[in-house]
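# Output the structure for:
(2 chains)
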2 protein chains.
Amino acid sequence: MSDRILATYLIETPYPLERAAEVMAGEQSCGTFTRLPSETDALREAHAARVEHIEPLEASYTPSLPIPALQSGKVHPVYRQARVTLSWPLANLGTSLPTLFATLAGNLFELKELSALKLLDLTLPKPFAEAYPGPQFGIAGTRELTGITKRPIIGTIIKPSVGLSPNATAEVVSQLLKGGIDFIKDDELQANSPHNPFKERVDAVMPLIREHAERSGHKVMYAFNITGEADQMRDHHDYVVAAGGSCVMVALNAVGLTGVSQLRRHCQVALHGHRAGWGMFSRSPHLGMSFVAYQKLWRLVGVDHIHVNGLRNKFSEEDASVIASARACLTPMFDPPSPGYEVMPVFSSGQTADQAVDTYSAITSTDLIFCAGGGIMAHPDGIGAGVRSLRQAWEAAMEGIDVNVYAREHTELARALETFHQ
Amino acid sequence: MSDRILATYLIETPYPLERAAEVMAGEQSCGTFTRLPSETDALREAHAARVEHIEPLEASYTPSLPIPALQSGKVHPVYRQARVTLSWPLANLGTSLPTLFATLAGNLFELKELSALKLLDLTLPKPFAEAYPGPQFGIAGTRELTGITKRPIIGTIIKPSVGLSPNATAEVVSQLLKGGIDFIKDDELQANSPHNPFKERVDAVMPLIREHAERSGHKVMYAFNITGEADQMRDHHDYVVAAGGSCVMVALNAVGLTGVSQLRRHCQVALHGHRAGWGMFSRSPHLGMSFVAYQKLWRLVGVDHIHVNGLRNKFSEEDASVIASARACLTPMFDPPSPGYEVMPVFSSGQTADQAVDTYSAITSTDLIFCAGGGIMAHPDGIGAGVRSLRQAWEAAMEGIDVNVYAREHTELARALETFHQ
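Below you'll find the predicted structure:
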């Protein structure tokens, strides 16, 4: 156990690796461009960031990101990549997540010594766990709220994303409930709009969910998108709670760390984290942040679910990356590792019955929310058949039965595979 | 005047430009990967995002960001760049900035059809100006609070960034006040740490600033870094106000949109916006967001000052980009353009007396805060001489006198140029 914060970065630099790492450490602790009289040896010893480890990787003659010409005027500089681990004493910043963000990111991404910088991972000492509550419901609590114990939670997204009125939304919900859905979420584009005001949507949707729960004993979780200004999020959260709802959703990057953290401390229901805008951090292999680092921040803040994309998704993310993200959500964090901060990974984007078997065999867990929008709504036999096709696909996966064999006796699954198989 | 929101992106795609633009518009409004029965023509007409303009740019055989292989199996696809403008009706989202962020960014940055995506600019209809207060003090208010009317506000950053105690900070402040500084800021790494607790710092620093104001009639602005959790920011803001302070600072990306917005509505002093982490959005020419778009979001939220880097800075940003950023801060926004949302650009990073003349001739305005850390603290004749060297450099710039000529009769300037000239 250590009282130091560790962060590992991928870097690329035309300078010696040791020098580049020292520049990073200096910029993010004591340094300015010139050493000051007040920067005593004792101060440096107590507060300077430390270079813990440098692991050299490949090199090339082309910089991954634009970089000013070297002052030495070398004609063909070599750009070396490395994995660099820095550490900071907790005394520099305490357990403040916003200051941690400023320390991990700060001006580092602008350094002219680096032609690539990606935050790969971070390890936080235990005092962070005392300062931040983490997930309130997490995996066990979400299972309790939904009553789904031994299989993935089958979910969907209201589509079209925008344009439906509250009543039209309720009409879709009604069909989903009949079909046997476990979880429904608003689209991230639909929060509180003139054509679909938030409270009217809750008023239209929640009676259906309550009636269905009374009838079936099964309370479907609806993640109402409360993304908005702080006071409004609180007000909308309270409205959902009063209406008997069990989940609210926020677009994490749109709201920001402190907004979500404040909401978490007030929240009485599951907190569903959407990562809209995530591509800005992740899309380049040479810039930004890995999902491993990103999800640790949000788990600490205390979301209960977080989106991880899905296999064969409609976006650019590769399957291996999706699976690594989902596993990260299920892995204990802190130094030493401490259970209780695990969250439900949410699979979505182009998901249909076609991906269930491969998802299960890759993740070897049913602790996940499996969301299909078009994969349910565009099933040729309607929304109910769409939901049933997903349940059937997961039954086949969990029982180790070939999905095509299982489809012979399960029409909805058969029709889904015909329609959606890639 | 329009009730539509416009956003312009740089894109790159191996698909026909029209198709890529349509995919973007679909993803960020009605669409899922397959058209649904409920997606009626009337719904699309009212709510679909519209492709307003496509301006083709250069093409190459190499994708700027990794992209999955084309299904057509073309051996050498051509990756075309273009400037694409999309628009959305205000009815889709209302005037919520967090939902605007989800709409502008959403999943767009992950689309497999795009091998580059950068948000270049956005134009907001007037109702946003009614929903968000904008800067409370802005340029005129900051001048009033500091009493500096016709020249740039000369500022500095407390260095070393971390490691100083509250008393050691006050000792630096004392020297800065004697030297005639206008503005002082905490480093973005120093907010509320075990070795420099926030309130103790305020208690140590503010009596000096109040005494100096009584003596000189000149109230130096100290931007206390209140970056932290929401309740703490509010508490620290109130503490600064009670102590007679005139400015608080937040790390914008660390706090997030809703946290800063909530603070702004409570704030009674100038709100200083630091962009720590900005390199993640800006460093790649092919990913992220331009400063032109970024600063519009924060001006709307209501910061009064925002960092823009400086000429010949220690980072990777080029001078032309710095000047474009500073000009953006001084340009009216909205459709139609509306004054009152201009903010003070803050020049910093490796700034010394050496950059004053070039900064003035490039920006042709004195409406700026010019911050030097090492450029003041590492002046060979001490902090007071460092401050005077900057004042002298700006006098020369504003009077159109060659800085080297002016230095003949101004020792501090001469010594600064000897020490810092690049």
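# Could I get the contacting residues of the closest residue to chain B within the stretch 101-250 of chain A?
Using CB to the nearest CB, the single residue of the stretch 101-250 of chain A nearest to chain B is residue A:109, 2.5 Å away. Any C-beta I mention is one placed from the backbone N, CA and C, and that applies to glycine too. Residue A:109 sits next to A:117, A:287, B:277, B:278, B:279, B:280, B:283 when contact means CB atoms under 8 Å, 6 or more residues apart in numbering or on different chains.
# ok, the residues you listed vs residue B:324, which is closest?
Nearest to residue B:324 among these, counting by CB to CB, is residue B:278 at 14.3 Å.
# I'd like the distance between residue A:216 and residue A:240.
21 Å (CB to CB, to the nearest Å).
# Neighbour count for the two, which is higher?
residue A:240 (24 against 12; other CB atoms under 10 Å in any protein chain shown).
# that's a helix at the more buried one, yeah?
Yes - when DSSP: H, G, I helix; E, B strand; the rest coil is applied, residue A:240 is found to be in a helix.
# For it, give me the pLDDT.
Looking at residue A:240, its pLDDT reads 98.
# so where do the strands sit in chain A?
Along chain A, counting by DSSP state E, strands occupy A:4-13, A:50-60, A:79-89, A:116-123, A:153-157, A:183-185, A:221-225, A:247-251, A:270-274, A:287-289, A:305-307, A:344-347, A:369-371.
# Using CSV, list the CA coordinates for stretch A:294-307.
Backbone C-alpha positions of stretch A:294-307 (Å, rounded to 0.1, in the frame of the first residue of the first chain) are rendered in CSV as follows:
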residue,chain,number,x,y,z
TYR,A,294,-11.9,6.8,-17.6
GLN,A,295,-14.3,4.3,-16.0
LYS,A,296,-12.3,4.4,-12.7
LEU,A,297,-13.1,8.1,-12.4
TRP,A,298,-16.8,7.5,-12.9
ARG,A,299,-17.0,4.5,-10.6
LEU,A,300,-15.4,6.5,-7.9
VAL,A,301,-17.9,9.3,-8.5
GLY,A,302,-20.5,6.6,-8.1
VAL,A,303,-22.4,5.7,-11.3
ASP,A,304,-24.0,2.3,-11.3
HIS,A,305,-24.0,1.5,-15.0
ILE,A,306,-21.6,2.7,-17.8
HIS,A,307,-21.8,2.2,-21.5
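# Domain boundaries for chain A, per the record?
For chain A, automatic domain parsing gives the domain ranges A:4-131, A:138-420.
# Residue B:146 is nearest to which of the ones you listed?
domain A:4-131 (23.7 Å).
# distance between the ends of the closest one?
End-to-end distance for domain A:4-131, by CA to CA, to the nearest Å: 15 Å.
# what's the answer for stretch A:68-82, then?
Using CA to CA, the end-to-end distance of stretch A:68-82 comes out at 20 Å.
# where along the stretch 201-350 of chain A do the helices fall?
A:230-242, A:252-255, A:257-266, A:279-282, A:291-301, A:319-329 (DSSP state H, counting those that start in this stretch).
# Show me what counts as buried in the helix or strand bottoming out on mean pLDDT in chain A.
Every helix and strand of chain A was ranked by mean pLDDT, DSSP states H and E. The lowest is helix A:41-47, at a mean of 87. Across helix A:41-47, burial judged by 16 or more other CB atoms under 10 Å in any protein chain shown covers A:43, A:44, A:47.
# cool, stretch A:216-227 as well?
Residues A:219, A:220, A:221, A:222, A:223, A:224, A:225, A:226, A:227 are the ones in stretch A:216-227 that count as buried (16+ other CB under 10 Å).
# Stretch A:177-194 now?
A:177, A:179, A:181-193.
# so which of the helices of the stretch 201-350 of chain A gets nearest chain B?
helix A:279-282 (2.6 Å).
# Which neighbouring elements make contact with the closest one?
strand A:287-289, helix A:291-301, helix B:279-282, strand B:287-289 (3 or more CB pairs under 8 Å, 6 or more residues apart in numbering or on different chains; DSSP states H and E).
# So for residue B:52, which of these sits nearest?
Nearest of those to residue B:52, taken as CB to CB: strand B:287-289 at 19.2 Å.
# Next up, phi/psi of the nearest residue to residue A:68 once chain neighbours are set aside, please.
Distances taken as CB to CB, 6 or more residues apart in numbering or on different chains put residue A:112 closest to residue A:68, at 5.2 Å, once the chain neighbours are dropped. Residue A:112 has phi and psi values of phi -80, psi -10 when expressed as degrees, to the nearest 10.
# which residues touch residue A:112?
A:67, A:68, B:314, B:315, B:316.
# of those residues, closest to residue A:257?
residue B:315 (23.7 Å).
# Please tell me how far residue A:112 sits from residue A:26.
For residue A:112, the distance to residue A:26 - CB to CB - is 14 Å.
# Equivalent analysis for residue A:221, please.
According to CB to CB, residue A:221 stands 48 Å off from residue A:26.
# What about residue A:65, how many residues nearby?
Based on other CB under 10 Å, the number of other residues close to residue A:65 is 21.
# Over to the closest residue in space to residue A:139 that isn't next to it in sequence: give its phi and psi.
Closest residue to residue A:139 apart from its sequence neighbours, by CB to CB, 6+ apart: residue A:367 at 5.0 Å. Backbone torsions for residue A:367, taken as degrees, to the nearest 10, come to phi -80, psi 80.
# Residue A:367 reaches residue A:141, doesn't it?
No - between residue A:367 and residue A:141 there is no contact under CB atoms under 8 Å: 12.0 Å.
# Looking at those two, which is more packed in?
residue A:367 (19 against 16).
# separation between that one and residue A:183?
14 Å.
# still on that earlier bit, mean pLDDT added to the strands of chain A, as TSV?
TSV is the format used below for those (pLDDT from 0 to 100):
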stretch	mean pLDDT
strand A:4-13	97
strand A:50-60	97
strand A:79-89	97
strand A:116-123	97
strand A:153-157	96
strand A:183-185	98
strand A:221-225	98
strand A:247-251	98
strand A:270-274	98
strand A:287-289	97
strand A:305-307	98
strand A:344-347	98
strand A:369-371	98
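# Columns distance to residue B:90 on top of the ones you listed, output as a markdown table?
Shown next, in a markdown table, are the strands of chain A (distance: least, CB to CB, whole Å):
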| stretch | distance to residue B:90 |
| --- | --- |
| strand A:4-13 | 41 |
| strand A:50-60 | 47 |
| strand A:79-89 | 45 |
| strand A:116-123 | 36 |
| strand A:153-157 | 23 |
| strand A:183-185 | 24 |
| strand A:221-225 | 18 |
| strand A:247-251 | 19 |
| strand A:270-274 | 22 |
| strand A:287-289 | 31 |
| strand A:305-307 | 27 |
| strand A:344-347 | 30 |
| strand A:369-371 | 28 |
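# nearest to residue B:247, of these?
That would be strand A:79-89 among the strands of chain A, by CB to CB, at 26.9 Å.
# Parallel or antiparallel, which strands does that closest one pair with?
Strand pairing for strand A:79-89, determined by DSSP bridges: strand A:4-13 (antiparallel), strand A:50-60 (antiparallel).
# mind putting the domains of chain A in TSV, distance to residue B:22 included?
Formatted as TSV, those follow (distance: least, CB to CB, whole Å):
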stretch	distance to residue B:22
domain A:4-131	30
domain A:138-420	14
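# Just name the most buried of those domains.
domain A:138-420 (a mean of 21; mean count of other CB atoms under 10 Å in any protein chain shown).
# how about the residue in chain A that chain B sits nearest to, what does it touch?
Nearest to chain B, among the residues of chain A, is residue A:256, at 0.9 Å (CB to the nearest CB). Contact analysis of residue A:256 by CB under 8 Å, 6+ apart lists B:255, B:256, B:257, B:258, B:259, B:260.
# Name the nearest residue to the fourth one, ignoring sequence neighbours.
Nearest in space to residue B:258, with sequence neighbours left out and distances taken as CB to CB, 6+ apart, is residue A:259 at 3.4 Å.
# what sits against the one you found?
Neighbouring residues of residue A:259 by CB under 8 Å, 6+ apart: A:230, A:233, A:250, B:230, B:256, B:257, B:258, B:259, B:262.
# mind putting the residues you listed in JSON lines, distance to residue B:198 included?
Shown next, in JSON lines, are the contacts of residue A:259 (distance: CB to CB, whole Å):
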{"residue": "A:230", "distance to residue B:198": "21"}
{"residue": "A:233", "distance to residue B:198": "26"}
{"residue": "A:250", "distance to residue B:198": "28"}
{"residue": "B:230", "distance to residue B:198": "15"}
{"residue": "B:256", "distance to residue B:198": "20"}
{"residue": "B:257", "distance to residue B:198": "23"}
{"residue": "B:258", "distance to residue B:198": "22"}
{"residue": "B:259", "distance to residue B:198": "17"}
{"residue": "B:262", "distance to residue B:198": "19"}
